[in-house]
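Asks: need a 3D model of the following:
(one chain, ligands or ions: 1)
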Amino acid sequence: MSASDFQRLPGFRDFPPDELAFRNRIFESWRRVALRYGFSEYDGPPLEALELYVEKSGEEIVGQLYNFTDKGGREVVLRPEMTPSLARILGGMSRGMSKPIRWFSMPQLFRYERQQRGRLREHFQWNVDIVGEAGVAADAEVLAVGIDGLRDLGLTHEDFYARVSDRRLLTTVLGAAGVAEESMPAAFTVVDKVERETEDRTLARLRDEVGLSEPDARSLVEILGEGLEGIASRFGSRDDVGAEVTRLKDYLANLDAMGLGDFIAVDLRIVRGLAYYTGIVFELFDRQGALRAICGGGRYDRLLELVGGEPLPAVGFGMGDVVLGELLKDRDLTPDTTRRIDYFVVPVTPDQRGEALGIAQKLRARGHSVAYALREQGVGKQLKAAAKEGAVEALLVGPDELARGVVTSRKMSDGSERDLLLQELA
Ligand code: HAM
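Replies: Sure, this is the predicted structure:
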C-alpha cells in the first residue's frame, strides 16, 4: 500500500493550512457579524435521527441523505441542514425563553449530491435564525445579517444581490392567474424550475401538470418575470394580492431604511426547494450569475410545531462556504494567510541553547510568536531558517552579548542590528 492508494472521498475536502486559514477567515466574519446583531452561537450533533428530515425538509434533501442503520438499529443521518436540528433543540427548551430568540451556528453539513462547481458532499453553512417573531422586521433583520456577512468579507453590491419573494404572494398571484387551489403544489414546483427549463417545457408543464389553458400559461410566464410594481398594477385591486403586496413593500421599506435597498430585487421565481417555507423567501447570488446561490433562506412558521415544539414563527438562512469561497477567489478577496513569526531565536554556540529557550518562552508568554532551530546548527544555517520561516527579527544569543546583559536583534528585512536588554525581554 502506498499513500496514493488512499484517496479522499469524492466531494470531501482536506484543509491544509492555507485552505484552513481561508475557511477561518470566512468563519471570523460570519461570527463577528452575527454577534454584532445580537445573536448567540449554538451547535448540535452531526448525527441525527432520519425521521427529523423525512417529510419536513422535502424530497430533494431526503434523496441526498447520508443515512445508515447504527449498531443499535437506529436509522440515522449525517445532518444535511441545520434547520430541523434548530427546531428540535428549541422544541425542548423554548417555552421558558424570552422571545425573539436570535441564534446562529456554523455546522458542517453532508449531502450526497452529484459533485459539480459549488456543490460538494460536505460544506460548512452559516445559519442565522430568529424564532418567535412573525413580523416582517424579523425577515428584514436576518437578510441584513446575511448581506453584512458578505460585506465584512469585502464584497459589495456590485458583487452580489438578494432575490426575494414571498410564497404567500406567489400563492395569491397564481390564484389570480387561474391556478386552482389543488394545483398549487404542482404550480410551485414548476415555478421553482422555471429558470432551469426552456420556456416550451415550462408552458407544457403549466398545461399538463397545473391545468392552465395555453393563454393562461403564457400570461403566467410573463407575470413571473415582473417586479413588484408590475404585479401591483396588474392584480393590486384584488384584496388578496393587494394585502401581500403591502406586506412585501413593508419588508422592503425596512431594508431601505437600513440602507440596503441596492442589494434587493423582487423576483417571484425564487421559491426555494425546501418544503417548510411559508412566507418571504430569498437567495443571494453573484451579480454576474456565474455561480449557484451563495445563500438561501426564508420564513418557516410551522416547522417548530411540526417537530413537536411550541408553535413559534421563525425565519432564517443558510450561507455555504463553497460558493462563497469561489466568489471571494474570483474577486481576489482571499485573505493573507502567511504565517507570522515575530522572533527566531539563534543560540550562537550550543552553550547558549538553554538561555535561548528561556528567552523564547518569555517572549511567547508575552504573546509573540517565536521559533528556533530544533537541532544544533551554525549561525548561518539558523539565519537561513529564520528567513525561510518568514521571521521578522532574529535574536542572536551569544556569549559576549549575554555577558553584557543583551541579545542582538537582527531585522530580517534589511539586516540592521540593535541590542535588546535581557531585562526588557523578561
Ligand atoms: P439550502 O438552500 O439548502 O438551505 O442551503 C443554503 C446554502 O448552503 C446554499 O445556498 C449553498 O450556498 C449552500 N449549500 C447547500 N448545499 C450545498 C452543497 N452540497 N455544497 C456546497 N454548498 C451547499 C438550507 O439548508 C436551509 N436549512 C437554510 C435555512 C436556515 N433556512 C432557514 N434557516
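Asks: centre of the chain to the helix or strand residue 18 falls within, how far?
Replies: Using DSSP states H and E, residue 18 maps to helix 17-36. The chain centroid and the centroid of helix 17-36 are separated by 10 Å, computed with Cα atoms, centre = their mean, to the nearest Å.
Asks: could you export that helix as CSV, CA atoms only?
Replies: Extracted in CSV, the C-alpha atoms of helix 17-36 (Å, rounded to 0.1, in the frame of the first residue of the first chain):
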residue,chain,number,x,y,z
PRO,A,17,-3.1,25.4,6.5
ASP,A,18,-3.7,27.8,3.6
GLU,A,19,-7.2,26.4,3.0
LEU,A,20,-8.0,26.3,6.7
ALA,A,21,-6.8,29.9,7.1
PHE,A,22,-9.2,30.9,4.3
ARG,A,23,-12.0,29.0,5.9
ASN,A,24,-11.3,30.5,9.3
ARG,A,25,-11.3,34.0,7.7
ILE,A,26,-14.8,33.3,6.5
PHE,A,27,-15.9,32.0,9.9
GLU,A,28,-14.4,35.0,11.6
SER,A,29,-16.6,37.4,9.5
TRP,A,30,-19.7,35.2,10.0
ARG,A,31,-19.2,35.1,13.8
ARG,A,32,-18.3,38.8,14.1
VAL,A,33,-21.4,39.9,12.2
ALA,A,34,-23.8,37.6,13.9
LEU,A,35,-22.5,38.9,17.3
ARG,A,36,-22.8,42.5,16.1
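Asks: that one vs the ligand: in contact?
Replies: No: judged by Cβ under 6 Å from any ligand atom, helix 17-36 and the ligand are separated, with a smallest distance of 12.0 Å. From N, CA and C alone the C-beta is placed, and that goes for glycine too.
Asks: who does that helix touch, helix- and strand-wise?
Replies: Judged by 3 or more Cβ pairs under 8 Å, 6 or more residues apart in numbering; DSSP states H and E, helix 17-36 is in contact with strand 40-41, strand 101-105, strand 122-131, helix 136-152, helix 321-330.
Asks: for the ones you listed, give me a markdown table that also has mean neighbour count and mean pLDDT.
Replies: Formatted as a markdown table, these follow (neighbours: other Cβ atoms under 10 Å; pLDDT from 0 to 100):
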| stretch | mean neighbour count | mean pLDDT |
| --- | --- | --- |
| strand 40-41 | 12 | 98 |
| strand 101-105 | 22 | 98 |
| strand 122-131 | 23 | 98 |
| helix 136-152 | 22 | 98 |
| helix 321-330 | 20 | 97 |
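Asks: show me where the stretch 151-300 of the chain has helices.
Replies: Under the criterion DSSP state H, counting those that start in this stretch, helices of the stretch 151-300 of the chain are mapped to 167-176, 184-193, 199-208, 214-224, 228-235, 239-257.
Asks: flag every residue of the stretch 101-250 of the chain that's near the ligand.
Replies: Residues of the stretch 101-250 of the chain lying close to the ligand (Cβ under 6 Å from any ligand atom) are 111, 113, 119, 120, 123, 125, 127, 129.
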